[in-house]
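Participant: Show me the folded form of this:
(2 chains, ligands or ions: 2)
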Amino acid sequence: MIRVENVNKFFGDVHVLKDVNLTVEEGEKLVIIGPSGSGKSTLIRCMNYLEEPTSGKVYIDDVELTHKNKTEMARKCSSMVFQQFNLYPHMTVLGNLTLAPIKLQGVPKEKAIEDAYGYLERVGLRHKADAYPQNLSGGQQQRVAIARALATKQKIILFDEPTSALDPEMVQEVLDVMVELSKENITMICVTHEMGFARQVADRVIFMDGGTIIESGTPDHFFENPQNERTKSFLSKILR
Amino acid sequence: MMFRAFMDGPFGPSKWMTLFSDFSEIFLIGFFTTLKVASLGLCLALVLGIVFGVFSTSNSKILRTIARVYVEIWQNTPLVIQIFFLYNGLPRFGLVWSQFVIGVIGVGLYHGAYISEVVRTGIEAIPKGQYEAAASQGFTYLQTMRYIILPQSIKIILPPLTNQALNLVKNTSVLAMIAGGDLMYHADSWSTYKLVYGPTYIVTGMLYFVICYPLSKLAERLEKKSKEDAPAPVGSDDAGKGGAEA
Ligand SMILES: Nc1ncnc2c1ncn2[C@@H]1O[C@H](COP(=O)(O)OP(=O)(O)OP(=O)(O)O)[C@@H](O)[C@H]1O
Ligand SMILES: [Mg+2]
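Facilitator: Ligands and ions are numbered 1, 2, ... in the order given. Model (predicted):
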């Protein structure tokens, strides 16, 4: 369970998150939508302390995230999938998947490799185990990144616009993997503009604008019957 | 007349004969001392360069300041003065080192400052996303450097690093000024004693050339290779193959 309490974030004078409160249950699939600059990335980056809130608190399973424990908490609790993949280019796909388990979690090398093949199988890239990231397409790289996130066996995976940097024809292969993933008891928090995905997978959708959560509800609520004017105007633009 | 002038001239055969009869005991000893000073000095410079290069990219203001001060002082004063200081200055504080040790520490500190800048540039070339991916997986700062950032920086760092090694070899010759027992020192004192100048310096130069030329060719090759690979960042065959190994 993740609890965000009265979180404010300033970048210099810019007030990016304004007193945000949010609780995400274990196993919940949460989709965050909102216009550019509304603070979506900043919010999920507060959940693994890539950004530290200016004030307010973030708890994971009732443990407060602090500057001191953020590395340990990242190691134990959450993984992240980035818009730009951020694979390690000097390592093979297999190296990318096994680095953290071997170096951080003390998994024996043979076991880590065996597990890695399993995760690659799940994202359909077993045959690319020995390839280097730069020799893969964008869609393949992002699927490797998802497998890398899975390889550390965390309960929480944070996705920050995982399909936004992809060529259109590669979006679906990544979404397919994420839909598969959503059948498991993993907490998925996902910033995305893929409304079809949100509708199919989300337990809850939240709409952010100007650093606050404007509206929150089930996908049905959102797409059939949004209440707030700003939500409506955003959705009308994006669903058109 | 002409013939006699040649035979007795500064480059005459007798001079060369004198030189080669003493070659092994004079030049080779110096040559190997120079090699030893250079390789130990290079090791020291590498360690210092990596440590201070990492310092100067860290989040800690104190570490960054320490690195800055070191780099600025050692880069902006002549090596000769640094060596003289170690030789004449430190004994006043009770620290007496042999010329050999002074040579190693002197060139090590001096080139460590330059290598630190080379390392800093290499580290700064790695995109922010790599740090974020590492942090999101729970790597500490030092682990991030060791497993993720430095292995990628190597390709950028290697060509200028080889140039530093080359300059380091040449710079060991300042040891001659404190009777350092190196190649230049032996050449100099022997030539003064035997009054054979021209050939001595030619041969000495050639001995430095023998070490430095391969290094400069290596630097050229690495430079070319790193330019060819430029858009695709680092893909050496060892790192990460068949799983992650340090
Ligand atoms: N490191 C930073 N330094 C300064 N300002 C920042 C920084 N990161 C984000 N911002 C600013 O904070 C605001 C919110 O950014 P954020 O990235 O959270 O928005 P977003 O909702 O994810 O937008 P997008 O859809 O474009 O990704 C923006 O105005 C952005 O310019
Ligand atoms: Mg964003």
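
Participant: give me the number of residues near A:Ser182?
Facilitator: Using other C-beta atoms under 10 Å in any protein chain shown, A:Ser182 has 17 neighbouring residues. All C-beta atoms are positioned from the backbone trio N, CA, C, and that covers glycine.

Participant: for it, what are its contacts?
Facilitator: By C-beta atoms under 8 Å, 6 or more residues apart in numbering or on different chains, A:Ser182 lies in contact with A:29, A:188, A:201.

Participant: What segments of chain A are strands?
Facilitator: Along chain A, counting by DSSP state E, strands occupy A:2-11, A:14-24, A:29-33, A:55-60, A:63-64, A:78-81, A:156-160, A:187-191, A:204-209, A:212-217.

Participant: Need those strands in JSON lines (columns: mean pLDDT).
Facilitator: As requested, the strands of chain A are arranged in JSON lines below (pLDDT from 0 to 100):
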{"stretch": "strand A:2-11", "mean pLDDT": "97"}
{"stretch": "strand A:14-24", "mean pLDDT": "97"}
{"stretch": "strand A:29-33", "mean pLDDT": "97"}
{"stretch": "strand A:55-60", "mean pLDDT": "96"}
{"stretch": "strand A:63-64", "mean pLDDT": "96"}
{"stretch": "strand A:78-81", "mean pLDDT": "96"}
{"stretch": "strand A:156-160", "mean pLDDT": "97"}
{"stretch": "strand A:187-191", "mean pLDDT": "97"}
{"stretch": "strand A:204-209", "mean pLDDT": "95"}
{"stretch": "strand A:212-217", "mean pLDDT": "94"}
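
Participant: Distance to B:Val196 for those - can I get that in JSON lines?
Facilitator: Output for the strands of chain A, formatted as JSON lines (distance: least, C-beta to C-beta, whole Å):
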{"stretch": "strand A:2-11", "distance to B:Val196": "72"}
{"stretch": "strand A:14-24", "distance to B:Val196": "75"}
{"stretch": "strand A:29-33", "distance to B:Val196": "82"}
{"stretch": "strand A:55-60", "distance to B:Val196": "78"}
{"stretch": "strand A:63-64", "distance to B:Val196": "79"}
{"stretch": "strand A:78-81", "distance to B:Val196": "71"}
{"stretch": "strand A:156-160", "distance to B:Val196": "73"}
{"stretch": "strand A:187-191", "distance to B:Val196": "78"}
{"stretch": "strand A:204-209", "distance to B:Val196": "84"}
{"stretch": "strand A:212-217", "distance to B:Val196": "87"}
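
Participant: Let me see the mean pLDDT of the longest helix that chain B contains.
Facilitator: Taking DSSP state H as the criterion, chain B has its longest helix at helix B:198-228. For helix B:198-228, mean pLDDT is 82.

Participant: Do any residues in it lie close to chain A?
Facilitator: No. Judged by C-beta under 8 Å from any C-beta of the partner chain, helix B:198-228 stays clear of chain A, getting no closer than 13.5 Å.

Participant: can you tell me which residue is nearest the centre of chain A?
Facilitator: Among the residues of chain A, the one closest to the centroid is A:Phe159, at 1.6 Å (C-alpha atoms, centre = their mean).

Participant: Spatially nearest residue to that one (excluding sequence neighbours)?
Facilitator: In space, and not counting its chain neighbours, A:Phe159 is closest to A:Cys190: 4.2 Å by C-beta to C-beta, 6 or more residues apart in numbering or on different chains.

Participant: quick one: contacts for the one you found?
Facilitator: Applying C-beta under 8 Å, 6+ apart to A:Cys190 gives the contacts A:29-32, A:158-159, A:162, A:178, A:197, A:202.

Participant: ditto for A:Glu5
Facilitator: Counted by C-beta under 8 Å, 6+ apart, A:Glu5 has contacts A:21, A:56-59.

Participant: Recalculate using a threshold of 10 Å.
Facilitator: Counting by C-beta atoms under 10 Å, 6 or more residues apart in numbering or on different chains, A:Glu5 makes contact with A:19-23, A:53, A:56-59, A:64.

Participant: Any buried residues in stretch B:159-169, and which?
Facilitator: Buried residues in stretch B:159-169, counted by 16 or more other C-beta atoms under 10 Å in any protein chain shown: B:159-169.

Participant: ok, now stretch B:193-208?
Facilitator: Going by neighbour count (16+ other C-beta under 10 Å), the buried part of stretch B:193-208 is B:196, B:199-200, B:203-204, B:207-208.

Participant: what's the answer for stretch A:185-196, then?
Facilitator: Under the neighbour-count criterion of 16+ other C-beta under 10 Å, stretch A:185-196 has A:186-195 buried.

Participant: which of those lies closest to ligand 1?
Facilitator: Taking C-beta to the nearest ligand atom as the measure, ligand 1 lies nearest A:Val191 of the buried residues of stretch A:185-196, at 6.4 Å.

Participant: still on that earlier bit, I'd say the residue nearest to the centre of chain A and A:Ala149 touch.
Facilitator: Yes. At 8.6 Å, A:Phe159 counts as touching A:Ala149 under the criterion of C-beta atoms under 10 Å.

Participant: Name the residues contacting each of those two.
Facilitator: Common contacts of A:Phe159 and A:Ala149 (C-beta under 10 Å, 6+ apart): A:79-82, A:181.

Participant: Taking those, tell me the two that lie furthest apart.
Facilitator: The largest separation in the shared contacts of A:Phe159 and A:Ala149, counting by C-beta to C-beta, is between A:Phe82 and A:Leu181 at 16.1 Å.

Participant: more neighbours, those two?
Facilitator: Neighbours were counted for A:Phe82 and for A:Leu181 using other C-beta under 10 Å; A:Phe82 has more, 22 against 19.

Participant: I figured the more buried one hits A:Asn48, correct?
Facilitator: No. Using C-beta under 10 Å, A:Phe82 makes no contact with A:Asn48, being 11.5 Å away.

Participant: ok, and the closest non-adjacent residue to A:Ala74?
Facilitator: In this structure, A:Ala74 finds its nearest non-sequential neighbour in B:Gly138, 4.0 Å apart by C-beta to C-beta, 6+ apart.
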